[in-house]
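Enquirer: Dropping the sequence and predicted coords here.
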Amino acid sequence: AAGVIQSPRHLIKEKRETATLKCYPIPRHDTVYWYQQGPGQDPQFLISFYEKMQSDKGSIPDRFSAQQFSDYHSELNMSSLELGDSALYFCASSLGLAGAETQYFGPGTRLLVL
Amino acid sequence: AQSVTQPDIHITVSEGASLELRCNYSYGATPYLFWYVQSPGQGLQLLLKYFSGDTLVQGIKGFEAEFKRSQSSFNLRKPSVHWSDAAEYFCAVGAGTYKYIFGTGTRLKVLA
């Protein structure tokens, strides 16, 4: 079965650079979620989109922005990168909204900021 | 506010022994509860979920979990642990605003 695809899988950037992470949800899934998992930490919710509209926002820095496109894929744009942005970034997708919907997670993008 | 607590940061068991990972939640409404497993450097794989109905839910890889409303708990169990079960386990609650709140995780080590 098709799963959530994230690209790139690994990314190395310098401080103050920008990065774009991409997420391709499971086919027919209309909701996308982004999470950040720091080293040794639990995943923290950043932002979510339903039908191309932002549905919820968590602890996402102002330097980050995201959107969901007409084909339901999503991109997380990160600017003015800081060392503390080094983390594993997960994308998840679900069919529909509400906390009851099972979120299926991608393999993550590991970002290292030097 | 919603929260999830996993009291055990690390657990070590011998292969073949039984396992119980604890999870307590705080949520005002009916919780939707999940257990995920994460192997080193890997993504999150869903083990099982509870939405409603039977409070004992079966998952993949021989895992089960029991929802106890009176104790606000959703503990994960496995009768006989295999070496391949070594990983980090996350309990999560589906909050009404479309996001998951995760516990801090329990790292499981399996001794041969």
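Expert: Here it is on my side, so go on.
Enquirer: secondary structure element for the closest residue to residue B:59 other than its chain neighbours?
Expert: Computed as Cβ to Cβ, 6 or more residues apart in numbering or on different chains, the closest residue to residue B:59 that is not its neighbour in sequence is residue B:48, at 2.8 Å. For every residue, glycine as well, the C-beta is placed using N, CA and C. Using DSSP states H and E, residue B:48 sits within strand B:44-50.
Enquirer: Tell me the gap between that strand and the middle of its chain.
Expert: Strand B:44-50 has its average C-alpha position 8 Å from the chain's average C-alpha position, going by Cα atoms, centre = their mean, to the nearest Å.
Enquirer: ok, how many other residues are close to the residue in chain B positioned nearest to chain A?
Expert: Using Cβ to the nearest Cβ, the point where chain B gets nearest to chain A is residue B:94, with a distance of 2.8 Å. The criterion is other Cβ atoms under 10 Å in any protein chain shown. On that basis, residue B:94 has 25 neighbouring residues.
Enquirer: Near chain A, which residues of chain B are found?
Expert: By Cβ under 8 Å from any Cβ of the partner chain, the residues of chain B that approach chain A are B:32, B:34, B:36, B:41-46, B:49, B:51, B:90, B:93-105.
Enquirer: Quick one: the strands in chain B, in order.
Expert: Assigned by DSSP state E, the strands in chain B fall at B:3-5, B:10-14, B:19-21, B:24-26, B:32-38, B:44-50, B:56-58, B:64-68, B:73-78, B:87-95, B:99-102, B:106-111.
Enquirer: out of those strands, which comes closest to residue A:77?
Expert: Relative to residue A:77, the nearest member of these by Cβ to Cβ is strand B:99-102, separated by 19.8 Å.
Enquirer: who does the closest one touch, helix- and strand-wise?
Expert: In terms of contact count using 3 or more Cβ pairs under 8 Å, 6 or more residues apart in numbering or on different chains; DSSP states H and E, strand B:99-102 is assigned the packing partners strand A:31-37, strand A:44-50, strand B:3-5, strand B:87-95.
Enquirer: Quick one: residues contacting residue 47.
Expert: In the absence of a named chain, chain A is used. Under the criterion of Cβ atoms under 8 Å, 6 or more residues apart in numbering or on different chains, the neighbours of residue A:47 are A:33-34, A:54, A:56-58, A:60, A:64, A:66, A:76.
Enquirer: I was after chain B.
Expert: B:34-37, B:59-61, B:63, B:65, B:76, B:89.
Enquirer: Same check on residue B:66?
Expert: Counting by Cβ under 8 Å, 6+ apart, residue B:66 makes contact with B:55-57, B:73-75, B:77.
Enquirer: ok, now with 6 Å
Expert: Contact analysis of residue B:66 by Cβ atoms under 6 Å, 6 or more residues apart in numbering or on different chains lists B:55-56.
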